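Asker: 3D model of this:
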Amino acid sequence: MAPVRAALVLVRCAAALLPGASRARHLEQWQADVHGAAELGMSPLRLAAGTLGAAVRIAATSPKGSRTMQPIGPLALALKLVGGTHARRRAATLAAVLTAALLAGVGLLIAG
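Answerer: Model (predicted):
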């Protein structure tokens, strides 16, 4: 059950990256996907890692109400997560994303 709990934490972190209008809908869907992953023989952690990537893409492409050029890549992620009224929550989310990326890299090194 531990992989499912870890996957649900990653899904919550991914949902925190999303714009408020779509956050609840995606969170509910992704949590259901994690719970259903075991029935399909899929790894819940791999599925949760995919939701992180999807959340970053959704957040980067969502309209911000401005016609200025939007930053992309790591800069967009950092600007989205750090600062503002909820700086602590965003910094914790950034730390979770970076930790997941680090663990994925270590996993690739070990598997390779």
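Asker: hmm, residue 18 and residue 59 touching each other?
Answerer: Yes: between residue 59 and residue 18 there is a contact under Cβ atoms under 8 Å: 5.9 Å. The C-beta positions use only the backbone N, C-alpha and C, and glycine is treated the same way.
Asker: next SSE after the helix or strand of the chain with the lowest mean pLDDT?
Answerer: Taking mean pLDDT, DSSP states H and E as the measure, helix 73-81 is the helix or strand of the chain with the lowest mean score, a mean of 60. Counting by DSSP states H and E, the element after helix 73-81 in chain order, helix or strand, is helix 87-111.
Asker: report how many residues lie close to the closest residue in space to residue 58 that isn't next to it in sequence.
Answerer: Sequence neighbours aside, residue 18 is the residue nearest to residue 58 in space, at 5.8 Å (criterion: Cβ to Cβ, 6 or more residues apart in numbering). Burial of residue 18, expressed as a neighbour count using other Cβ atoms under 10 Å, amounts to 20.
Asker: so which bits of the helix or strand hosting residue 15 are buried?
Answerer: The secondary structure element spanning residue 15 is helix 2-16 (assigned by DSSP H and E). By 16 or more other Cβ atoms under 10 Å, the buried positions in helix 2-16 come out as 7-8, 10-16.
Asker: tell me what that helix is packed against?
Answerer: In terms of contacts (3 or more Cβ pairs under 8 Å, 6 or more residues apart in numbering; DSSP states H and E), helix 2-16 is packed against helix 20-37, helix 44-61, helix 87-111.
Asker: right, so those: which one is the most enclosed?
Answerer: Most buried of the helices and strands packed on helix 2-16 by mean neighbour count (mean count of other Cβ atoms under 10 Å) is helix 44-61; its value is a mean of 18.
Asker: centre of the chain to that one, how far?
Answerer: 5 Å (Cα atoms, centre = their mean, to the nearest Å).
Asker: and it, what does it pack onto?
Answerer: Contacting helix 44-61 under the criterion 3+ Cβ pairs under 8 Å, 6+ apart are the following elements: helix 2-16, helix 20-37, helix 73-81, helix 87-111.
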